[in-house]
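> Need coordinates for the below:
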Amino acid sequence: MNIHATHDAAALRLLDRGRDLLRDRRPADAALLLSRAAALPAAPAEAHGLLAEALMESDDPPAALVAADAALALRDDAALRLLRARIRRVLGHADGAMDDAAAAVMAAPSDRDAKALLATCLSEAGRHDEAIFLFHQAFVAEPEAPHRSAMLAMAMMRGGRHAAAEELYALAHSMAPYARGIVPLRAQNALLDGDPHKAIALIEGALGHQQGEAALYSVLGQARQRLGQHEAAAEAYAEAARLDPADTYLQHLAAAMANAGAAPDRASDRYVTDVFDGYANRFEAALFALGYRVPGVMLKLIESQGYAPGGRHLGDVLDLGCGTGLMGATLHDMLGGRLVGVDLSPRMLGEAGAKGVYTELRCAEITTAMAADTTLYDLILLSDVLCYFGRLDAVLGAVASRLKPGGLVALSIESGAAEGGWELQASARYRHDPGYLRAVLERAGLATLEFREETLRWEGEATVPGVIALARRGG
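Predicted coordinates for the structure are as follows:
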């Protein structure tokens, strides 16, 4: 960061040493020194900005945001705006990230990195034409830089312009044939364009010299799965998970395809967040296209207890895994108290917030959110949430503890015969035996009022069977 200020010798020494540690890739040590510099009286903006960089590289974006805010409170400039935009994007604060990136571009119109970040934010928000315009400017300025053509290709891919994306990915690949990331993205583009055979050919052509790249095997698994080659897909996912054992997303996919007996008892937070962040802006349209029935059936079950618009109103409602807010919108006319939504995906919460029906939205894992909550609710909703949990005792026990005596829980599961009560499907979602669900509800002290076996939606040519249930806490 090229931000200059004149301060006492101690502060300057701390800043210089902090910069050296960052250059040496020792961000944790740098953060310790720079926190001391930032705590000095009249610490300069540079101290807070460098601390924010060190904290980001130490995987602590919430603390990095605090430091970046402090830096910008002292001086508003393009470099600090760009830094905070990166932090906000990592945290899922999409609107704030876009605002900061736009401010950075306005302050420094020739800054290619600022334009690229703004373009990325626009692309992720579905504003593909604007993103392509900015990425194209950066590409024209550096036509021989493979990352510029790859970034423009990604924007084209997200905008559904797969032929143009292929040309740009091919150009990037020709300039940097061994660069990590380009071939998996090029193969992903072929998949999205409906050509799994081409995706496989691209990946197999790269495996001779890039065998250690987990993303290659992940996309290979997707392509094999698309062709119905489930055993080969499972092998590819397993190799991807072996190469990147810290990636819980890959671990979950590998376990799902293997249908392993030792499958995890719930989907990881990372898996759920990644799936739904990438799905947020088209989630509702996709569900309606699949004939999604859960909100309508849940509404009927709740109305069966005497609740109705213009009549008896619900009290406080907790919508767990609220997603884009479909259930909140469905129940809006019969709400009489607070409506609190909880979801792991910041972008899904952004869609829910736009509906204007929630009193509060929280970005958290649902069992963690319930453990931190002290409110008792009249109704708790679990619409298409339990398919990301295998064992249900802990989550339904937590639900019971957050219900008022006599309070209701409405929930759905994907159903099917399952040894042990639940199993992880190749779809990476869990299904539950209806008898297992009844037993868990009883153990949690929840009396079943309604238990309907329903078709939840269509997937391809097949229906997805499930159960939509309503239960009451005793007392």
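
> Spit out the contact partners of Leu22.
The contact partners of Leu22, taken as Cβ atoms under 8 Å, 6 or more residues apart in numbering, are 30, 50, 53-54, 57. C-beta: built from backbone N, CA, C; applies to glycine.

> Quick check: helices, which of the residues you listed are part of them?
30, 50, 53-54, 57 (DSSP state H).

> now, the most widely separated pair of the contacts of Leu22?
Leu50 and Glu57 (10.7 Å; Cβ to Cβ).

> Overlap of the contact sets of these two?
22, 30.

> Below-threshold pLDDT in this structure: ranges please.
1-8, 211, 248-249, 252, 256, 258-292, 426, 458-462, 475 (pLDDT under 70).

> residue boundaries of the strands in it?
For the chain, the strands defined by DSSP state E cover 317-320, 339-343, 360-363, 377-382, 403-414, 422-424, 430-432, 446-459, 462-473.

> what about Glu450, distance to Arg347?
33 Å (Cβ to Cβ, to the nearest Å).

> Kindly apply the preceding question to Arg84 instead.
19 Å.

> between those two, which one's more packed in?
Arg84 (27 against 21; other Cβ atoms under 10 Å).

> okay but the more buried one is in contact with Ala70, surely?
No: using Cβ atoms under 8 Å, Arg84 is not in contact with Ala70, being 10.6 Å away.

> residues contacting Gly96?
Applying Cβ under 8 Å, 6+ apart, the residues near Gly96 are 84-85, 88.

> With Ser412 instead?
Contacts of Ser412 by Cβ under 8 Å, 6+ apart are 294, 298, 382-386, 456, 466-469.

> In TSV, list these along with distance to Gln305.
Below are the contacts of Ser412 laid out as TSV (distance: Cβ to Cβ, whole Å):
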residue	distance to Gln305
Val294	18
Met298	12
Leu382	17
Ser383	17
Asp384	21
Val385	21
Leu386	21
Leu456	22
Gly466	21
Val467	18
Ile468	14
Ala469	13
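
> Show me which of those is closest to Glu166.
For those, the nearest to Glu166 is Asp384 (34.7 Å; Cβ to Cβ).

> And that closest one, how close does it get to Ser218?
Distance from Asp384 to Ser218, counting by Cβ to Cβ: 24 Å.

> Same check on His332?
40 Å.

> Give me the more crowded residue out of these two.
Using other Cβ under 10 Å, the more surrounded residue of His332 and Ser218 is Ser218, with 25 against 15.

> Setting aside sequence neighbours, what's the nearest residue to the more buried one?
Ala240 (4.3 Å; Cβ to Cβ, 6 or more residues apart in numbering).

> neighbours around the one you found, how many?
Ala240: 24 neighbours (other Cβ under 10 Å).

> quick one: it and Gln251 touch, right?
No: using Cβ under 8 Å, Ala240 makes no contact with Gln251, being 9.3 Å away.

> Please, where are all the helices along the stretch 301-450 of the chain?
326-331, 346-354, 366-372, 393-401, 434-443 (DSSP state H, counting those that start in this stretch).

> Against which helices or strands is the longest one packed?
In other words, helix 434-443. Here helix 434-443 touches helix 393-401, strand 446-459, strand 462-473, going by 3 or more Cβ pairs under 8 Å, 6 or more residues apart in numbering; DSSP states H and E.

> and with 10 Å instead?
helix 393-401, strand 403-414, strand 422-424, strand 446-459, strand 462-473 (3 or more Cβ pairs under 10 Å, 6 or more residues apart in numbering; DSSP states H and E).

> Let me have those in CSV, extended by distance to Leu134.
Output for those, formatted as CSV (distance: least, Cβ to Cβ, whole Å):
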stretch, distance to Leu134
helix 393-401, 43
strand 403-414, 41
strand 422-424, 41
strand 446-459, 37
strand 462-473, 40
